[in-house]
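*Asks:* Pasting the sequence and the predicted model now:
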Number of protein chains: 4
Amino acid sequence: MPGYSGSRDQYLTRLRRIEGQVRGVQRMVTEEEYCIDVLTQISAIQSALDSVALGLLQDHMNHCVVDAAKKSDEDGREKIEEATRAIARLVKS
Amino acid sequence: MPGYSGSRDQYLTRLRRIEGQVRGVQRMVTEEEYCIDVLTQISAIQSALDSVALGLLQDHMNHCVVDAAKKSDEDGREKIEEATRAIARLVKS
Amino acid sequence: MPGYSGSRDQYLTRLRRIEGQVRGVQRMVTEEEYCIDVLTQISAIQSALDSVALGLLQDHMNHCVVDAAKKSDEDGREKIEEATRAIARLVKS
Amino acid sequence: MPGYSGSRDQYLTRLRRIEGQVRGVQRMVTEEEYCIDVLTQISAIQSALDSVALGLLQDHMNHCVVDAAKKSDEDGREKIEEATRAIARLVKS
């Protein structure tokens, strides 16, 4: 069971809203709306995705990472290295 | 007519693929897949959105910004200031 | 003469302040200050660098890009493609 | 003693190199080098700072966060919330 299990429904609600925002951008492009307005909407989607990612990461650290660290130092270090690689991908995307 | 008009269908194809990726993340969360795998998918969506945004921005500069600059220096400067604010939002999101 | 030529001294002032911030982080690390405080300072440097980069980019578009576009469509397109690649590096860094 | 204590000298070496890169950008601006080349150097500094920040964060999680989590669930949660806020600042800067 992943760390985000307890808030699964909240994440799904947010992801459905993001799906709606992506469809909104499709509609804007279909109706040939002004480029800068489309870009503003894309930035809003990026912020919403960042916010979901940070929530999942916090849940992951509170559960999987902490559990691993309590099991053994080596398990903890491995999970933390894996989490750091995921954070690096978020920082660069 | 916006600057991206000539490649509108290509942008729509890419945005539909991004919508599919967002639905893929919903499925992963529903099936309680591993947090880090969900985060990897979110980073992939962010990269795909960045790439659409950079394409729209380039089209915008090639058309709206250049046309404004040819009309008058002041029109050019205004459009470039507006584009820079949009770039700032992308850099921070 | 580059596009930022008229505000060269202002950029130098900002870059010297950034150099001072980097030395401040070295001091924090030498004195073994709390990790999170060091990270906060690094984020502040990143924001200051973003802000310098966006200023330079705006100056570049107002001068080099506009001049190239007035010379010929092809020159304009080349400069805009080059600028877009620079923006892509900023977005991902 | 902060989590990065064991690799303090390596961080200082990297921060001194970053200081040198910032001075290099000052030189480029003084000598009025091409805007895009200056932007490329700024992106390189941002990547170097990201990399230092991710290292510090990993050390912080391996020590402060894990120690707090072993002390009590509440201490662990507090440290993880603080780390997540720092990650959010990195993602947006």
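*Replies:* Yep, it's here.
*Asks:* immediately after the helix or strand of chain A with the lowest mean pLDDT, which helix or strand?
*Replies:* Counting by mean pLDDT, DSSP states H and E, chain A has its least confident helix or strand at helix A:66-71, which shows a mean of 94. The helix or strand immediately downstream of helix A:66-71 is helix A:73-91, counting by DSSP states H and E.
*Asks:* elements contacting that following helix?
*Replies:* helix A:35-60, helix A:66-71, helix B:35-60, helix D:35-60, helix D:73-91 (3 or more CB pairs under 8 Å, 6 or more residues apart in numbering or on different chains; DSSP states H and E). (Glycine included, C-beta is placed from N, CA and C.)
*Asks:* So for that helix, what gets flagged as buried?
*Replies:* A:76-77, A:79-80, A:82-84, A:86-91 (16 or more other CB atoms under 10 Å in any protein chain shown).
*Asks:* quick one, what contacts the closest residue to chain C within chain A?
*Replies:* With CB to the nearest CB as the measure, residue A:92 is the residue of chain A nearest to chain C, at 5.3 Å. Listed by CB atoms under 8 Å, 6 or more residues apart in numbering or on different chains, the contact partners of residue A:92 are C:92-93, D:50.
*Asks:* can you redo those residues as JSON lines with pLDDT?
*Replies:* Formatted as JSON lines, those follow (pLDDT from 0 to 100):
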{"residue": "C:92", "pLDDT": "86"}
{"residue": "C:93", "pLDDT": "77"}
{"residue": "D:50", "pLDDT": "96"}
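*Asks:* Residues of chain A that sit close to chain C?
*Replies:* A:92-93 (CB under 8 Å from any CB of the partner chain).
*Asks:* and with 7 Å instead?
*Replies:* Within reach of chain C by CB under 7 Å from any CB of the partner chain, chain A has these residues: residue A:92.
*Asks:* that older thread, right, and out of the buried residues of helix A:73-91, which lies closest to residue A:59?
*Replies:* Residue A:59 lies nearest to residue A:83 out of those, by CB to CB, at 11.4 Å.
*Asks:* show me where pLDDT drops low in chain A?
*Replies:* Under the criterion pLDDT under 70, no range of chain A is flagged.
*Asks:* tell me the contacts of the residue nearest to residue A:5 when sequence neighbours are not counted?
*Replies:* Nearest residue to residue A:5, sequence neighbours excluded (CB to CB, 6 or more residues apart in numbering or on different chains): residue B:32, at 6.0 Å. Applying CB atoms under 7 Å, 6 or more residues apart in numbering or on different chains to residue B:32 gives the contacts A:1-2, A:5, A:8.
*Asks:* Share the number of residues neighbouring the nearest residue to residue A:46 once chain neighbours are set aside, please.
*Replies:* In this structure, residue A:46 finds its nearest non-sequential neighbour in residue B:93, 3.9 Å apart by CB to CB, 6+ apart. Neighbours of residue B:93 under the rule other CB atoms under 10 Å in any protein chain shown: 21.
*Asks:* ok, residue B:93 touching residue A:49?
*Replies:* No. Counting by CB atoms under 7 Å, residue B:93 sits too far from residue A:49 to count as a contact (8.9 Å).
*Asks:* can you list the residues of chain A near chain D?
*Replies:* So chain A meets chain D at A:50, A:54, A:57-58, A:61-62, A:66, A:69-70, A:76-77, A:80-81, A:84, A:87-88, A:90-91 (CB under 7 Å from any CB).
*Asks:* All set, thanks.
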